[in-house]
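*Asks:* Sequence and predicted structure, then a few things I'm wondering about:
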Amino acid sequence: MIDLQALTQAVGDLDEKTIMTMIEDFVATNPSGEDAQKIVFACQQGMGIVGELFEKNEYYVGDLIFAGELLSKTIDLLKPVLNDVATEKVGSIVIGTVQGDLHDIGKNIFGSMAEAAGFDVYELGVDVSPSAFVEKVKEVKPQIVGMSGVLTLAIDSMKETVKAITEAGLRDSVKIIIGGNPVNEDACKQIGADAFTTNAAEGLKTCQGWVS
Amino acid sequence: MDTKYYTTWEEYLAEHPELEGKPEQAIAPKIVKYEDAMFTFIMDLLL
Amino acid sequence: MTDAIARTNERNQLFKDLFSGKTPKRVPISNPATQDFAIQYAGLDLAECQWDLTKLEPVYDKFCQDFYTDTYPGGSIRIPSHYQILGSTPIVMSSSGFMQHPDVVGMLAEEYDEFIASPYDCIVETILPRLYTEFNGPPGKVAMALAKAMKAQADDLASLGAIRAKMNAKYGFAGMVGALTEAPFDFMSDFLRSFKGISGDVRRYPDKVAAACEAVLPLMIKKGTLPNPSMLGYTFIPLHMAPYLREKDFAALYWPTFKKMVETLAGMGQSVQLFVEQDWMRYLDYLYELPENTIMRFEYGDPKIIKEKLGKKHIISGLYPVTLLQTGTKQQCVDKAKELLDILAPGGRYWWQADKSIIHLDINGPVVENLRAVLDYVHENGTY
């Protein structure tokens, strides 16, 4: 069994070579699903360190994106040995960039961090209509809806989306968080969302608070 | 610029001896203008 | 002399003074709303007007009439026709009719060496065919697609230029020319390696990123050069990636070629306007080092600190939050303009622009009224 603390630290350091070597060596031992689960947990803790360093302004958005990429590479390597284990999810969330906006970088960072934290993430993509949000909420019944946008027009689309969710009678069953460049407290109130963030790590904390 | 897709007037003239003795002051700005227009167009596609 | 010509002369003088570090007669103003906004303001269809530019003359006329500005409110515009003809993937029209830039990868990590050897060859032979579908196929078809696209863009620019000339003749805006370029690192990021790609490259192959920035620097300088450096105008450089980098990566990979670029352009005698996107507060000391009178339009930051650190050497602009126009009352919007004027105008070197462009208009919202109030307020109260 590999040194889990060392793995957590390597993820925190974003030390790609060390992480990949450790995981490849581990997979080569033909390990049990339970052991693989421990590796995933160690990586998630490493992502926690990444989030902390981000909040301390030691890491920036570029580092978060790289962290997300490392984590999905890791999970891909582990998939064959994880197969027989039911993973426990902390919650589910539907995310998308709202109608009229094609920017997805912030949303993708948030999505990969939420996944790393154990959420089931349903990703709707970009330029997502209010009705597409509503359909997905009906289908998967998430606890949380995350709407993202960079353009100022996103504010109006977010408002429309919340309206559509309310009209479909679903508003009370979900928490809504908005993220992106133009959002702030005033916009959040106008839109009728429950929370706003311009920072993926902070947004994730809000979501974790909602499902704990 | 080290490239086969942009030619300075001097390079162009060297490749086109038929222009020898023709009114360079009228030809050069025209040739260079479209060389530059293509450069700007191409670069704008990536901005 | 007509009134319009007199106004142009007066406004040209404002900008000549501003760009050379002298205190102008009053704070010059640029309307942050764009052509997209103007089309919606006229109640017309966004997509249709961008394809049929003949519809835009009355659009601009109303726009120029109703919103105070010292510069023509036409900005740099992405027109759809030539993107369509070339099969564009990096610039596309969204469902709402706005031209946007999804995150794309034009160059693969394993192509760095090819790029470094000759950036322009790599752009023409490898990158454009990946990003624009019509750059693939038999040479004859590619040549024709390129010819059609260039002709389409030239026609579109001529249409917009004709409208601009009419509006200038009628409203007397300052006559300014512009060139657009990017910091080498941003150029490598935006259409070539993508946000995600460059974020990995910075850690995996920093030496190649640095070499690529050096290699592409002469192209970016050439792209940013005005037809004649003594003309009134500026090179516009939107800055993108720095806030997302650690300072050590910024210092090693972003800053050196960017600084060289601005110094070279300024050294030719032309003005440079940076659109300082996102939060650059931790880089103010770097920005200070740029040549005197570099124009810096900030999207974010503490205006007092910016004025204190940079305001004696450089020209400050931006910072007015356009989201306030959407969410605030008229009084709040005007108060904000006053607050910024009080901080940024003393001593000159201030150009009123907003923190972002306004491209979207909710016709039932308060933006039109708030924007007009703010522009009028600054016009009337920005005198020295």
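*Replies:* That came in fine, so what should we check first?

*Asks:* Spell out which residues of chain C are next to chain A.
*Replies:* Neighbours of chain A within chain C, by C-beta under 8 Å from any C-beta of the partner chain: C:92, C:94-96, C:98, C:100-103, C:195-196, C:198-200, C:202-204, C:241, C:243-246, C:249, C:278, C:282, C:322-323, C:326-328, C:356, C:358-360, C:362, C:365. Yep, even glycine has a C-beta here, placed from its N, CA and C like the rest.

*Asks:* Out of these, which sit inside strands?
*Replies:* If you go by DSSP state E, the residues of chain C next to chain A have C:92, C:100 in strands.

*Asks:* and the residues of chain C next to chain A, which are buried?
*Replies:* Taking 16 or more other C-beta atoms under 10 Å in any protein chain shown as the criterion, what is buried in the residues of chain C next to chain A is C:92, C:94, C:96, C:98, C:100, C:102-103, C:195-196, C:198-200, C:202-203, C:241, C:243-246, C:249, C:278, C:322-323, C:326-328, C:356, C:358-360, C:365.

*Asks:* Check which residues of the helix or strand harbouring residue C:14 are buried.
*Replies:* Using DSSP states H and E, residue C:14 maps to helix C:3-19. For helix C:3-19, the neighbour count (16+ other C-beta under 10 Å) marks C:7-8, C:11-15, C:18-19 as buried.

*Asks:* Averaged over its residues, which helix or strand of the chain has the lowest pLDDT?
*Replies:* I'll assume chain A. Lowest mean confidence among the helices and strands of chain A (mean pLDDT, DSSP states H and E): helix A:105-116, at a mean of 83.

*Asks:* wrong one, chain C
*Replies:* strand C:99-100 (a mean of 87).

*Asks:* State the pLDDT value of the closest residue in space to residue C:288 that isn't next to it in sequence.
*Replies:* Taking C-beta to C-beta, 6 or more residues apart in numbering or on different chains, and ignoring the residues beside it in sequence, residue C:288 has residue C:310 as its nearest neighbour in space, at 5.8 Å. Model confidence at residue C:310, given as pLDDT, is 98.

*Asks:* Strands along chain C, start to end?
*Replies:* Counting by DSSP E, chain C has strands at residues C:92-93, C:99-100, C:177-180, C:233-239, C:271-276, C:295-298, C:315-318, C:350-351.

*Asks:* Mind checking these for the one nearest to chain B?
*Replies:* Among the strands of chain C, the nearest to chain B by C-beta to the nearest C-beta is strand C:177-180 (5.9 Å).

*Asks:* Okay, now the unreliable bits of the chain?
*Replies:* Defaulting to chain A. Where chain A drops to pLDDT under 70, the residues are A:83-88.

*Asks:* To clarify, I was referring to chain C.
*Replies:* C:1, C:75-76.

*Asks:* mind checking the longest helix of it?
*Replies:* helix C:139-171 (DSSP state H).

*Asks:* Give the other helices and strands that that one contacts.
*Replies:* Contacts defined by 3 or more C-beta pairs under 8 Å, 6 or more residues apart in numbering or on different chains; DSSP states H and E place helix C:139-171 against helix B:24-44, helix C:3-19, helix C:56-66, helix C:80-86.

*Asks:* Of all these, which one is nearest residue C:268?
*Replies:* helix C:3-19 (14.0 Å; C-beta to C-beta).

*Asks:* now the residue in chain B positioned nearest to chain C, nearest residue through space, not along the chain?
*Replies:* Nearest residue of chain B to chain C, counting by C-beta to the nearest C-beta: residue B:3, 3.9 Å away. Distances taken as C-beta to C-beta, 6+ apart place residue C:120 nearest to residue B:3, at 3.9 Å, with adjacent residues excluded.
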